[in-house]
Each structure stands twice: as C-alpha cells, then as structure tokens.
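*Asks:* Sequence and predicted structure are below.
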Amino acid sequence: MWTVPRPSFDARHVFIMCATSIRDPEIRRRLSVLDTHVDHAAWTFANAASRAELHTLGLFKKWPKDEDDQAALKMAYATGMVRNKSGRYFYDHLMDAAVHQRCPLCGHGRVSTLDHQLPKSSYPLLAVVPDNLIPACSDCNHRKNSASPVSSETQTLHPYFDDANQARWLFAQVEHGEETTVRFYADPVAAFGPTMQARIRYHFEQFQLATLYGVLAAQELAGIRSQISRLREAAGPEAVADEVRDRAESRAEYSLNCWQSAMYEALAADPGYLANG
C-alpha cells in the first residue's frame, strides 16, 4: 500500500549476472538461451503492471514448457541471486529500497525478504526480473503465498507502479465493550476510480490488515491509557480531543493512510472515549 522507487536495473543484465554465477554447466547452458525471453517477459510485465493488467500475462505462465528449463530459471533466483555474491548485490539493493525498512505491503512489518508479485512457481521467466521483486516482511510474503490475479480487481497493489496514498482509503471506528477497541476498514474515496477502489479493498483483505492494525491499536491504547486519563481528569474531554486530534494530524502528514492516523482520528470523534476512555 506504500510506494517504493522502481528499480533501475536492466532485467536482462540482472538475469545474465545471476545465470553465469551458477556453477552447474548444464544449468548455465539452459539459461544462456533464455535471456531474450526474460527480457521480453520483463518488458511485458512492466507494461501490464502499469495498467493493472497482470492477469493478462497467461502467455508466460508455466513457460518455458520444459520442466528442466523452469527449474533452471528458479535456480537463477534461489542460487544465482539469493546465495551468490554477484546476484546478491541486486537482492540487497532491492531490499534496501523500502523507506525506513518498512514493508510496503502492510506499512508496518520490517522488510526481511523479497516477494514475487507474480509467483516464480507459475512465472519462472520472471524469477529474477527486478520489477517482479518487492521488498516485504515475512508475514506479508507468507500471506500472499503463490496467489496470482485473475482480474484487475484481484491484483494486489504493486509498490513500484501504484500509489494508494494520493487520497484516503483507511478509516477506523471505536467500539466499546469490556475494553475500548478500534476496528479498521478500507473505504477508498471515489477519486481512486472503481478498479483501484476494488484493488485497495482486495489488498486490505489479502494481507489481513484489519487484524494487524487492530492488534497494533490495542497495544497503542494500552500504552497511552494513563496519560490520557490524567489529561482527562486535569482538563476534561475537550483537552483529550485536542491531544488525539493533534496526533492524528501529525501522523497523517507523515503517511496519509497510516493506522495511527486513522485510529486517533476515530478517537477524536468518539464522545464515549473522550469522556470516559
């Protein structure tokens, strides 16, 4: 849901560096005749990603047909990029591109791996294509697994090509029970357009962000409980409203759709929280 600068690496160059670093001569031979195919797949991927049409790349699914060639392409990533010094340069550079090492898919976790936007198990030609490799936290990488889009609306957001922070989509609501809790939901404004609205909602559900943000909000509420109680007793609900509103605005200036901003905005608008906590 948060942007990352698009890699400047040439896909064909990255592939050749990863392929030539593999010791097995038979695998190197197989890879040596696939560089132009990888280059074409990378170009096609970039064009489709910019239009939210990755679901149209069925031509590259499970291609090449030879299973040994597919295995070689996957090894170009697992061995040539992840484990080899030459390829690892590209891997680490892609990882380091995430701002503050924050996972762009959830906006919270620490980047610890690269996620394939289109899974290498289904799209081996894209295994080491930089545009297909996104820095991510392990939880998001696990949740996405090997899912592939079947329509524009079921394509998760791509941090290199999509900007979901141009307008609001994340909101929260305070719920009162034995403890005060905050429920998060995605409600993208009309400025995004129907397809982007659907993609934001799909991304929000795919990565289980309501649950993640709810847990984080519970921790935050517990951490500020004493401070807010003292402020409420000393200056009343209006002072509490001013405090949480300031927090919402400050965080929104940093990131328009961060969970903290949505949470504090909801607290500021809830009379029950302001009066009683």
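*Replies:* Perfect, I can see it now. If you're wondering where the values come from, they're calculated on a predicted model, not measured in any experiment. Numbers count the residues shown, from 1 in each chain.

*Asks:* And the top helix by length along the chain, what does it pack against?
*Replies:* The helix that spans the most residues within the chain, counting by DSSP state H, is helix 209-235. The contact analysis (3 or more CB pairs under 8 Å, 6 or more residues apart in numbering; DSSP states H and E) places helix 209-235 against strand 180-186, helix 237-254, helix 259-268. (Each C-beta comes from the backbone N, C-alpha and C, glycine too.)

*Asks:* want to try CSV for those, with distance to Leu274, mean pLDDT and mean neighbour count as columns?
*Replies:* Putting the helices and strands packed on helix 209-235 into CSV (distance: least, CB to CB, whole Å; pLDDT from 0 to 100; neighbours: other CB atoms under 10 Å) gives the following:
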stretch, distance to Leu274, mean pLDDT, mean neighbour count
strand 180-186, 11, 95, 18
helix 237-254, 4, 95, 16
helix 259-268, 8, 97, 23
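
*Asks:* Those: which one's closest to Ser122?
*Replies:* Closest to Ser122 of these is strand 180-186 (CB to CB; 26.9 Å).

*Asks:* Contacts for that closest one, please.
*Replies:* Applying CB atoms under 8 Å, 6 or more residues apart in numbering, the contact partners of strand 180-186 are 169-175, 200-201, 204-205, 209-210, 213-214, 217-218, 221, 259, 262-263, 266-267, 272-273, 277.

*Asks:* Over to stretch 12-31?
*Replies:* Under CB under 8 Å, 6+ apart, the answer for stretch 12-31 is 32, 34-36, 38-39, 42, 68-69, 72-73, 75-77, 79-81, 84-87, 90, 128-130.

*Asks:* got the buried residues for it?
*Replies:* Buried residues in stretch 12-31, counted by 16 or more other CB atoms under 10 Å: 12, 14-19, 21-22, 27-28, 30-31.
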